[in-house]
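>>> Quick check, what structure comes out for this input:
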Amino acid sequence: FLLEFVRLEGHGDFAQATCFCGEANPVFQCEDCHGTDLMCHTCTVCVHERQPLHRMECWNGTSFQVTTLKALGVHFQLGHPIGIRCINPKSASNNDFVILDCNGVHEVRLDFCGCESAQPHITQLLRVRLFPSTTTDPKSAATFRVLEYFQMLSFESKASVWEFYNTVAHLTDNTGICVLKVGNMSYV
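This next block holds a predicted model:
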């Protein structure tokens with residue numbers, strides 16, 4: 001088992017020369033997708049347009065380094081079907097929107113729909129199963145999934161909100177080096 005665990009932390013004896021699209025030297029790997037296949041930048045963005053809360057790694061030649069889908073240019077567009085760009089997008093919180101999920105705290109590039117017929121920002125968030133931290137100008141939200149998970153955990157183990165948040169924060173960065181941006185945790 002140990003050799004396989006070590007292999008998962010790096011390339012090991014696995015040498016993938018091309019992405020599934022055929023592009024040479026793929027360097028991105030998703031920690032949340034099934035398998036350990038590497039992808040090129042274009043495929044990573046395309047595949048994860050529908051999964052903006054997946055955790056990414058980039059191969060630097062000797063090891064994997066953590067990166068984000070936000071850094072790769074993925075936009076999370078609200079108010080329109082997936083893959084459809086809004087003609088009048090409104091950037092949320094200067095592209096520093098934070099989403100709390102079961103697998104970590106995620107900074108995302110979130111765009112609200114700014115069309116004439118657009119719903120209020122709160123409604124746009126709720127329709128994609130995100131519970132906003134505030135009712136006016138939200139800068140963070142929690143997924144319904146993480147709220148349900150915390151509810152069950154607190155019923156069974158009596159974990160506090162603080163303990164739960166720290167657990168999720170440690171899933172994001174267990175070194176304590178990165179300072180996580182979380183504005184208002186009132187939703188938890």
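>>> in the protein, which spans are strands?
For the chain, strands defined by DSSP state E occupy the ranges 28-30, 56-59, 64-67, 75-77, 89-91, 97-101, 104-113, 130-132, 140-143.
>>> Remind me what the last one packs against, helices and strands.
Applying 3 or more Cβ pairs under 8 Å, 6 or more residues apart in numbering; DSSP states H and E, one finds that strand 140-143 makes contact with strand 97-101, strand 130-132. C-betas here are computed from N, CA, C, even on glycine.
>>> Pull the distance from stretch 19-30 to the chain's centre.
20 Å (Cα atoms, centre = their mean, to the nearest Å).
>>> re earlier: please identify the most buried of the helices and strands packed on strand 140-143.
Among these, ranked by average contacts under mean count of other Cβ atoms under 10 Å, first place goes to strand 97-101 (a mean of 24).
>>> Can you give the strand pairings for that one, parallel or anti for each?
strand 104-113 (antiparallel), strand 140-143 (parallel) (DSSP bridges).
>>> As a markdown table, those strands with mean neighbour count, mean pLDDT and distance to His80 would be great.
As requested, the strands paired with strand 97-101 are arranged in a markdown table below (neighbours: other Cβ atoms under 10 Å; pLDDT from 0 to 100; distance: least, Cβ to Cβ, whole Å):
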| stretch | mean neighbour count | mean pLDDT | distance to His80 |
| --- | --- | --- | --- |
| strand 104-113 | 22 | 92 | 6 |
| strand 140-143 | 24 | 94 | 18 |
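>>> Nearest to Val98, out of those strands?
With Cβ to Cβ as the criterion, Val98 lies closest to strand 140-143 of the strands paired with strand 97-101, at 4.1 Å.
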